[in-house]
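Peer 1: Here's a sequence, model it:
(one chain, ligands or ions: 1)
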Amino acid sequence: MNDSKKKPIGVFDSGYGGLTVLKEIVKQLPEYDYVYLGDNARAPYGTRSFETVYEYTLECVQQLFDMGCELVVLACNTASAKALRTIQQKDLPKIAPHKRVLGVIRPTTEIVGNYTKTGHVGVLGTTGTINSNSYPIEIAKFFPQLIVHQEACPMWVPLIENNEFESEGADFFIRQNLDHLLKKDTEIDTIILGCTHYPLLINKIKKLLPPNITLLSQGEIVGKSLVDYLHRHPEIEQKCSKGGNTAFFTTDSPENFDTAASIFYGKPLHSKHLAL
Ligand code: DGL
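Peer 2: Numbers count the residues shown, from 1 in each chain. Have a look, this model is predicted:
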């Protein structure tokens, strides 16, 4: 394929959280170009209905397609849980049969069984992700013997978005949710951070958990899975441009985005506004 026709890989999140995934993807696949889109104007998605999350996610995927992306990663658990399957099965065949959309839940559920020794796994996520039951359903496909318990943590994203994630106030809510989860099942030895915002809380979470519990955050896992996907799908890989550039777009104010985003991305960045 002519190089000028190749396009960046799209990475989408409701807001900032997907940057924790993009950071790891770029670490593992630095040669590609990326476009990141954060729908900050309509975040958070975690408390919204199925219909709303689906509608917003599809609109953002369409925007990334319009920018030429052949492959889009939904770096958002809530969007992966509530919109991915419908987009893959119902929308793609109609709007873009040769393009692909991937999520973050499957790569995580594919490997969780390799970490647990007790066979008891915990999942932390937004209310939307937990209520969708996507994690237990997907884990059962790969590791039917595992026992899975979940806990919705509705305060965690607002604490992070409001820059309170290092405060003592955050400790209260983190402890409360971890206690609830571990009370449901004292044999849990592996916990999935099923929200792309949560890596910002990882130090606090580790301090509050018994040391024998393994925490799985998704960036590295999704990065590895994308490496593997591109190997297995040369027809998609050949359409991805390789310039080592990343462009950032937000549906809200770029000034606000740039200030907060650097905390998630680990280095300064400059975004542009995208009107939906
Ligand atoms: N980053 C999103 C996720 O992984 C959650 C943020 C939101 O509620 O919009 O689920």
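Peer 1: From now on I want contacts and neighbour counts done on CA atoms only, so please keep to that.
Peer 2: Fine.
Peer 1: And the residue of the stretch 101-250 of the chain closest to the ligand?
Peer 2: The ligand sits closest to residue 195 of the stretch 101-250 of the chain, with a gap of 3.4 Å, by Cα to the nearest ligand atom.
Peer 1: Please tell me I have it right and that residue contacts residue 128.
Peer 2: No. Assessed by Cα atoms under 8 Å, residue 195 is found out of contact with residue 128, at 10.4 Å.
Peer 1: Between the two, which contacts overlap?
Peer 2: Common contacts of residue 195 and residue 128, defined by Cα atoms under 8 Å, 6 or more residues apart in numbering, comprise residue 78.
Peer 1: Quick check on the two: which one has the bigger neighbour count.
Peer 2: residue 195 (26 against 23; other Cα atoms under 10 Å).
Peer 1: what pLDDT does the closest residue to residue 253 other than its chain neighbours get?
Peer 2: The shortest distance from residue 253 to any non-neighbouring residue, by Cα to Cα, 6 or more residues apart in numbering, is to residue 273 (6.5 Å). pLDDT, residue 273: 98.
Peer 1: what about residue 103, how many residues close to it?
Peer 2: Around residue 103 there are 23 residues (other Cα under 10 Å).
Peer 1: ugh, wrong one, I meant residue 259
Peer 2: By other Cα under 10 Å, the residues close to residue 259 number 12.
Peer 1: which ones are touching it?
Peer 2: residue 268.
Peer 1: For the ligand, see how far away it is.
Peer 2: From residue 259 across to the ligand, the span is 17 Å (Cα to the nearest ligand atom, to the nearest Å).
Peer 1: Mind telling me what element that residue is part of?
Peer 2: Using DSSP states H and E, residue 259 sits in helix 254-265.
Peer 1: Using CSV, write out the CA atom coordinates for that helix.
Peer 2: The C-alpha trace of helix 254-265 is given here as CSV (Å, rounded to 0.1, in the frame of the first residue of the first chain):
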residue,chain,number,x,y,z
PRO,A,254,-7.8,21.6,25.1
GLU,A,255,-6.2,23.9,27.8
ASN,A,256,-7.9,21.9,30.6
PHE,A,257,-7.2,18.6,28.9
ASP,A,258,-3.4,19.3,28.5
THR,A,259,-3.0,20.2,32.2
ALA,A,260,-4.7,17.0,33.5
ALA,A,261,-3.7,14.7,30.7
SER,A,262,0.0,14.9,31.4
ILE,A,263,-0.6,13.2,34.8
PHE,A,264,-2.1,10.2,33.0
TYR,A,265,0.3,10.2,30.1
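Peer 1: Past it, which element shows up next along the chain?
Peer 2: Criterion used, DSSP H and E; the element after helix 254-265 is strand 271-273.
Peer 1: For that following strand, name the packing helices and strands.
Peer 2: strand 246-250, helix 254-265 (3 or more Cα pairs under 8 Å, 6 or more residues apart in numbering; DSSP states H and E).
Peer 1: ok so the residue of the stretch 101-250 of the chain closest to the ligand is a helix residue?
Peer 2: No. Residue 195: not assigned to a helix; according to DSSP: H, G, I helix; E, B strand; the rest coil it is coil.
Peer 1: Let me see the contact set for it.
Peer 2: Residue 195 neighbours (Cα under 8 Å, 6+ apart): 17, 76-78, 124-126.
Peer 1: Buried residues of the helix or strand containing residue 223, list them for me.
Peer 2: Following DSSP H and E, one finds residue 223 within helix 218-232. By neighbour count with 16 or more other Cα atoms under 10 Å, helix 218-232 contains the buried residues 218-226.
Peer 1: could I get those as a markdown table with pLDDT?
Peer 2: Below are those laid out as a markdown table (pLDDT from 0 to 100):
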| residue | pLDDT |
| --- | --- |
| 218 | 96 |
| 219 | 97 |
| 220 | 96 |
| 221 | 98 |
| 222 | 98 |
| 223 | 98 |
| 224 | 98 |
| 225 | 98 |
| 226 | 98 |
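Peer 1: Can you tell me which of those is closest to residue 134?
Peer 2: Of all the buried residues of helix 218-232, residue 218 has the smallest distance to residue 134: 15.4 Å, by Cα to Cα.
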